[in-house]
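[1] okay, sequence plus prediction incoming.
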Amino acid sequence: PNASNNNKNNNPIPSRVLTAYLEPIDQSTWSTKPLPTRTWTSEDLSKIEYPQLNSCRRLPEQFPVDNYPSEDPLDVFPTHDGKYIQFVAQNKQRCATGSTVADIETMRHMKPQVALFQHVAVKRLNGTEKDEASSSVSSVSSSSPRYRLSSHEDADPDGMTTRFICRFQPSGEETLSEYNFSYEYASFRKNSKVMFHEDSGDNKLIHTSQLTFRCPVPPSLRDVIRTGESVVDDYATLFVDVVPIRTPPRYGPPAEFLPPYYQEFRSEPGFDANVEWGDRHVLPKLHDAGRWENIPICKPSLVEYGTVKEIENSNSDTAVTPAASDSTSSSSTPSSTAAVKTHRLASCIWASTGYATRGNRFAINDGQRRLLEWIQYNKLIGVEHFYLYDNSGAFRTQNDDGSEKNDGSGISLKPIADMFPDDVTVIDWPSKVCNNNPNNVDSVGERSSQYAAEASCRLRFGPHVDWIAQFDIDEYLVPMGDLTSIHPLLDKLEAENNKIVSFGSWRAWPRRRFIEDPDKSRMKGAKNCGRNQDCFQLQVPNKFTMLQAYNCDRQKPGQKKSKMPAEKQLYRPDYVRHHFIHYSTVTENSVLNREDTQKLNRTFLRNPFPDPFSRFGNEETEGLMLHTKAVATQDTVFWEMACNATYTGNSLCRLGTPFPEDMTGVNETEGDDGWKMNCYVNRKIEDYWVKLLDKKLKDLVPSIASRMARGAIA
C-alpha cells in the first residue's frame, strides 16, 4: 500500500472503512500513584482512514503496514474453529535501538507499545459504578460495558490476563483479549532479571519479537465466521475494533505480577495493582480511546487460501483429526476444537526475488531460481506443501500516483509457485524489514517482516499440519544414511515423543569448478567492491544447481553441532507456542506451572530449555543442513590472495576447494593446484540427490521456457 492511495475510497462497505484513532499519551503521569485516569475525549484523537483495504484475500498485502505507523508487520485472521480472531504484530521498540538522539527518542516514543506485552486485570463496572463514571452524554449505547483496572483477585474471570477490548461490529458485542502465552512467565522461565529495560530495545529477548494475542468471538458469530459465510464478494461483513488498555510498562522482575495460575512464582514485594492503579481507575469510553476500528473479519486460512487438493483432503473421510495433546494447557489459553490435518510436513517460507544483505551492502537477485530448485528438492525429500510469504513487494518501486514503475521491480515469486499449483500457497507479504543493519553495530538489525511472516504462517496453517520445516530457500535438509525421505525420521521422532529436531546451519562454500570464471565479472573500485580493490560477481551457471555448486561443507558430517553459529528446525506447531527463525522459544512444556508439569511425571526446572522433547538430528544417519548462502560481491575482495594455499592471514576464502576423501600422501600446505583446501564434499548429495534433482528439473524445462518468454521469470 502507498500513502497516496489513502484518499481512494474503493472500499466495498464505505461505512466500515479501516480506521486508526490515535490517542495522545502523556508519559509524565506514569510515575504518579495511583495512575491518573485518562481524560482525552474523541475530539483529542487523530483519525486516519485506509479505504484501500478492500479485499480479504489480499488483506496481508493491503493492511497499512508501511505507511502508518510505518513498517509495522501485522496480520489478523480467524482461527480454524471460528472461536478467536488472531493477531500478529511487531514489537517496534526493537527497530531503532542505537545511542543516537533520534534512536533514543524513538525508543521513548515506543515505550507504550512495550506495555502491550504485559497483561492487565480489569473488572466490568456494575450499574452504580457505571453511572458514576459516566459524567457526560455518550453516543455509545448505555448497554456498552465500562471497565476499571483491578487486581487479579477482583478481576472478572475473562479479564484476569488481558490487554485489549475487542468490539465486534455491527452487533457491538465486546470481549476481552487473551495472549497466546504469558510473555511475563516466559521471561521468568528464561531467568530474565527484568522483562524490559527502560533504555534498551531488548533485542536479545527473542520471545518478545512478536506480539501475538487473540480476541474471543461471541458464540453467536462463531459458525458464520468458521465457515467463511460472513465474507461476501471477497470482503467482510463482520468487523472487530481493537482498543488497547493503556498503562505504563512494568520494568521490574517479570514475575512481579504473574496471574494466579503462576502465583507460586510471584516475586516480592511484587506489583500491587491497588497501589499502582488504585481501585477506581475507570477506562475511557471506547469512542474516546485510541483504537483500530473496522478490522475486517475474513475467512479462516484454510478456507481462504487452501488449494483444491487441501480442501478436498479436509473434507475427506480419511482426513486426520489429531489426538489430544499430552500437555496440559495453562489457564491462560483454553483448548479449542481440533483442526483437520491436511499435511504431515509443510514448509513456512519468507522469501523474495531479491534482497539486500545486512547493512544494505549488496543486492542478491536470484530468488526465482533458488525457489524453483529448492521447492523441487524439498518435494523429493517429502515436504508436502509450501506456504510462501512472498516479500518481493517490499522492493517494488512506485510512481507518485501509487502505480508500479515499469523497472522490473514488480517481478514476484508467483510464476515459480504457479509451476506447483497443488503444492504452494502464496501469501503476498510486502512488509519491509524495519532495520537491515548488521548485528555488530550500534542499532542492531531487526528483520521484522520475516519474524511476523513466520508467526503468521505457524498460527494460520500450523493447526492443519503435523510438522513445520522452518528453513530458508538457501538451506537444504539432506536425509542421510539409508534415508531417501525425511518421513522415516518423523516416524522415529514421533515414536520417541519428540516434538522438535534441530540441525546445525553453517554456510558452505561454492566450489570453484561450478561457478563462472571470475574474470568474466571482475570489477574494480569502492563503488562496486566496498573498498578500492578488485572483486567479482559470483554466479553459478544454469547447468549446475545450487545444491551441487555449494556441496562443500566446512565440517564433516557430525561435526557441526559443536561449531555451528545457528540451527534450523523441524517442529510440531501444536507444541511450539512461539518460534524465532532458529529456535523454539516457548513451548507447551514451558508454559506449564509446577503442578501441571509434575502431573505429567516431568521434572520442573526453572529454565525449561533445552526443551525435554527436543534433540539434534544425527548428521551421519538422519539428516544434515547444507547452507548455500550466496557470496556477496564485496566478500570476494582479496579472493585470489585468501584462497592461495600459502596464505596465512585473516581474510576468509569463500570459494570452495574440497579436501580429497583420502588424505594419504596429501600435503595440505600445497593445496590443490595451489588453491587452499577448505571444505568437504558430501557423497550422499553428490552421488544421489544432485542427480535426482537434475532429472526432476529437466522435466520442468518447457514450463520454465514458456514463463521466460512471457517475462514472468527473469
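    Yep, that arrived.

[2] tell me where the stretch 151-300 of the chain has strands.
    Taking DSSP state E, counting those that start in this stretch as the test, the strands found in the stretch 151-300 of the chain are 164-169, 174-176, 178-179, 210-216, 231-232, 235-236, 239-244, 291-296.

[3] for the stretch 351-500 of the chain, same thing?
    355-356, 363-364, 385-390, 424-428, 465-470, 475-479, 500-505.

[4] now the last one: buried residues?
    Neighbour-count burial for strand 500-505, counted by 16 or more other CB atoms under 10 Å, picks out I500, V501, S502, F503, G504, S505. C-beta coordinates here come from the backbone N, C-alpha and C atoms, glycine included.

[5] quick one: contacts of that strand?
    Here strand 500-505 makes contact (CB atoms under 8 Å, 6 or more residues apart in numbering) with 475, 477, 489, 493, 560-561, 563-572, 575-576, 582, 584, 587, 611, 613-617, 619, 623-625, 627.

[6] ChimeraX command to pick out the buried ones of those?
    Buried members of the contacts of strand 500-505, defined by 16+ other CB under 10 Å, are picked up in ChimeraX with:
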select :475,477,489,493,560,561,564,566,567,568,569,570,571,572,575,576,582,584,587,611,613,614,616,617,619,623,624,625,627
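
[7] touching, G98 and D442? I think so.
    Yes: the criterion here is CB atoms under 8 Å, and G98 meets it with D442 at 3.9 Å.

[8] more crowded one of the two?
    Using other CB atoms under 10 Å as the criterion, G98 and D442 rank with G98 on top: 17 against 10.

[9] what helix or strand is that one located in?
    Assessed by DSSP states H and E, G98 sits outside every helix and strand.

[10] so F659 is in contact with C679, correct?
    Yes: with contact defined as CB under 8 Å, F659 and C679 form a contacting pair (7.2 Å).

[11] settle it for me: which of these two has more neighbours?
    Taking neighbours as other CB under 10 Å, F659 and C679 compare with C679 leading, 23 against 16.

[12] measure the more buried one to T597 for me?
    Separation of C679 from T597 (CB to CB, to the nearest Å): 44 Å.

[13] near the closest residue to P573 other than its chain neighbours, how many other residues are there?
    Distances taken as CB to CB, 6 or more residues apart in numbering place G462 nearest to P573, at 2.9 Å, with adjacent residues excluded. Residue neighbour count, defined by other CB under 10 Å, stands at 25 for G462.

[14] wait, G462 touches D574, no?
    Yes: here G462 reaches D574: they are 7.2 Å apart, a contact under CB under 8 Å.

[15] which parts of the stretch 1-150 of the chain are strands?
    19-22, 46-49, 74-78, 84-90, 122-124, 147-149.

[16] my error: substitute the stretch 551-700 of the chain in the last question.
    In the stretch 551-700 of the chain, strands defined by DSSP E, counting those that start in this stretch lie at 566-571, 576-580, 583-587, 614-616, 623-627, listed in chain order.

[17] and the helices in the stretch 201-350 of the chain?
    Using DSSP state H, counting those that start in this stretch, the helices of the stretch 201-350 of the chain run over 219-226, 273-276, 301-305, 308-315.

[18] ranked by average pLDDT, which of these falls at the bottom?
    If these are sorted by mean pLDDT, helix 308-315 sits at the bottom with a mean of 62.

[19] how about low-confidence regions in the stretch 451-600 of the chain?
    For the stretch 451-600 of the chain, the stretches with pLDDT under 70 are 561-565.

[20] could you pull out the helices for it?
    Under the criterion DSSP H, counting those that start in this stretch, the stretch 451-600 of the chain contains helices at 487-496, 526-529, 546-549, 594-599.

[21] what angle do the longest one and strand 475-479 make?
    Read it as helix 487-496. Counting by axes from the mean of the first three to the mean of the last three CA atoms, to 10 degrees, helix 487-496 lies at 80 degrees to strand 475-479.

[22] buried residues in helix 487-496, which are they?
    Of all the residues in helix 487-496, those buried under the rule 16+ other CB under 10 Å are H487, L489, L490, L493.

[23] N498 - how many residues pack around it?
    Applying the criterion other CB under 10 Å, we find 19 residues in the vicinity of N498.

[24] quick revisit: a markdown table for the strands of the stretch 1-150 of the chain, including distance to I13?
    Listed next are the strands of the stretch 1-150 of the chain as a markdown table, based on distance: least, CB to CB, whole Å:
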| stretch | distance to I13 |
| --- | --- |
| strand 19-22 | 12 |
| strand 46-49 | 13 |
| strand 74-78 | 17 |
| strand 84-90 | 18 |
| strand 122-124 | 30 |
| strand 147-149 | 29 |
